[in-house]
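Peer 1: Dropping the sequence and predicted coords here.
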Amino acid sequence: ELFRDLFNIDTDCIRLTGGGTKTRLWNIIRASIYGKKVEVYGDLVGLGTLIPLMLKAKLYPTIEKIEERFLRPIDVIEPDENLSNRYKGVKEIFMDLWKDLQKLYQHFQNI
């Protein structure tokens, strides 16, 4: 919901990378909270920087072609329906609090 609200982006999956992705249980919890498939990738430190360069140099015609070549998940986790149902009420509370925090952040940016 945050991606959709903040960036007008809707996704069918969440892609994760970095040290926090090494715990499978935490990734199952994430998938269940998000209600979306989670794709776990290895460390991709330089890839984000290289994508625009590969496009500009016309090494690949689209981002999708780069993803096909370089982004292969090391694990794919589907949401656990039982966990999703348990987190649903708490998730709604979190989203309401997050929206209130956004107002607070915006206030401090204007000071």
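Peer 2: Now that the structure is in, tell me what you want to look at.
Peer 1: Let's verify the residue nearest the centre of the chain: helix, strand, or coil?
Peer 2: Central residue of the chain (Cα atoms, centre = their mean): I14, 4.0 Å from the mean position. When classified by DSSP: H, G, I helix; E, B strand; the rest coil, I14 comes out as strand.
Peer 1: excluding its backbone neighbours, what's nearest I66?
Peer 2: The shortest distance from I66 to any non-neighbouring residue, by Cβ to Cβ, 6 or more residues apart in numbering, is to Y60 (4.8 Å). (C-beta placed from N, C-alpha, C; glycine too.)
Peer 1: so what's the residue nearest to the centre of the chain scoring on pLDDT?
Peer 2: Per-residue pLDDT puts I14 at 87.
Peer 1: hey, what's it bridged with?
Peer 2: V38 (DSSP bridges).
Peer 1: which ones are touching it?
Peer 2: If you count contacts by Cβ atoms under 8 Å, 6 or more residues apart in numbering, I14 has them with 30-31, 34, 36-39.
Peer 1: helices and strands of the chain: which one bottoms out on pLDDT?
Peer 2: helix 2-7 (a mean of 69; mean pLDDT, DSSP states H and E).
Peer 1: can I assume V76 is in contact with A31?
Peer 2: No - the criterion here is Cβ atoms under 8 Å, and V76 misses it with A31 at 9.3 Å.
Peer 1: who touches both of these two?
Peer 2: 37-38.
Peer 1: Okay, now the unreliable bits of the protein?
Peer 2: 1-3, 6-7, 45 (pLDDT under 70).
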